[in-house]
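Undergrad: Build me a model from this:
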Amino acid sequence: MIPSRVLVVEDNALNRRLAVDVLRAAGYEVAEAEGAPEARVSLARGLPALIVLDITLRGTDGVAFLRQLRADRRTRDIPIVATTALAMKRDRERILQAGFDAYLAKPFSPRILRQVVGELLQRRGTATEAPRG
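TA: Below you'll find the model as predicted:
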């Protein structure tokens, strides 16, 4: 089976590498981007089944980029997981109200990342391969 494609948008190289490694080990095809401009290039090459998006990107922040994605008919229905070091209850509420499908406070465990991604893809009906690990 063809694995679901996930796009990880994270400007911190270590955090990006962790998310990419965890998702690849779970059986997903993973594209990565350092910020919104690189993410747009990746999206032009092909749409992912899900996006993992950092809130505090350099240049365009994650909430602003989310709004752009939701305004585009091609990307508006893609599930998007927010990742952030902003871990206060009001931060979580603000981020979810902005339109994210899920919220992960950093540091998050690999197990939680796999679980959230798997659940969102199952709900959307795009999980084409059961995640490993």
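Undergrad: Show me where the protein has its helices.
TA: With helices called from DSSP state H, the chain shows them at 13-25, 36-45, 62-71, 89-97, 110-124.
Undergrad: by contact count, what packs against the helix or strand bottoming out on mean pLDDT in the chain?
TA: Ranked by mean pLDDT, DSSP states H and E, the weakest helix or strand in the chain is helix 89-97, scoring a mean of 90. When contacts are defined as 3 or more CB pairs under 8 Å, 6 or more residues apart in numbering; DSSP states H and E, helix 89-97 packs onto strand 80-84, strand 102-105. No exception for glycine: its C-beta is placed from N, CA and C like everyone else's.
Undergrad: Would you mind listing the buried residues in it?
TA: Taking 16 or more other CB atoms under 10 Å as the basis for neighbour counts, the residues of helix 89-97 that come out buried are 91-92, 95.
Undergrad: where does that helix sit relative to the chain's centre, distance-wise?
TA: Averaging C-alpha positions (CA atoms, centre = their mean, to the nearest Å) puts helix 89-97 16 Å from its chain's average.
Undergrad: Now do that helix against helix 62-71, angle only.
TA: 20 degrees (axes from the mean of the first three to the mean of the last three CA atoms, to 10 degrees).
Undergrad: still on that earlier bit, closest to residue 53 out of the helices of the chain?
TA: Minimum separation from residue 53 across these (CB to CB) falls at helix 62-71, 4.9 Å.
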